[in-house]
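Colleague: need a 3D model of the sequence below.
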Amino acid sequence: MVSLDEPDGIAPHTVTFTVSGGSMPVATIEFDVTATGRWI
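Modeller: Residues are numbered from 1 along each chain as shown. You can find the predicted model right below:
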């Protein structure tokens, strides 16, 4: 599950993402925050 601490706000808006659950450790998380298909 991915959650964030402050889901609403006015740009520029800083959030902290938290990833939890599952039985395997997470090695990499990628977000396409610009919706361009490019991962940052």
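Colleague: do you know the pLDDT at Ile40?
Modeller: The predicted local distance difference test score for Ile40 is 55.
Colleague: from here on, call the first residue 228.
Modeller: That works, and once the first residue is 228, the last one we named lands at Ile267.
Colleague: got a list of what the residue most central in space within the chain touches?
Modeller: With distances taken as C-alpha atoms, centre = their mean, the residue of the chain nearest its centroid is Phe244 (4.7 Å). Residues counted as contacts of Phe244 (C-beta atoms under 8 Å, 6 or more residues apart in numbering) are Val229, Ser230, Leu231, Ile256, Phe258. The way it works is simple: take the backbone N, C-alpha and C, and place the C-beta from them, glycine included.
Colleague: please narrow those residues to those residing in strands.
Modeller: Val229, Ser230, Leu231 (DSSP state E).
Colleague: ok, and the closest non-adjacent residue to Glu233?
Modeller: Take Glu233 and drop its neighbours on the chain: the residue closest to it by C-beta to C-beta, 6 or more residues apart in numbering is Val242, 5.2 Å away.
Colleague: before we move on, the earlier item: so among the contacts of Phe244, where is pLDDT lowest?
Modeller: Comparing the contacts of Phe244 by pLDDT, Phe258 comes last, at 75.
Colleague: tell me the buried residues in stretch 246-253?
Modeller: If you call a residue buried by 16 or more other C-beta atoms under 10 Å, then stretch 246-253 has no buried ones at all.
Colleague: what segments of the chain are strands?
Modeller: With DSSP E as the criterion, the chain has strands spanning 229-231, 244-246.
Colleague: how close does the residue lying farthest from the centre of the chain get to Met228?
Modeller: Most distant from the centre of the chain: Ser250, at 19.3 Å, with distances by C-alpha atoms, centre = their mean. In this structure, Ser250 and Met228 are 13 Å apart, going by C-beta to C-beta, to the nearest Å.
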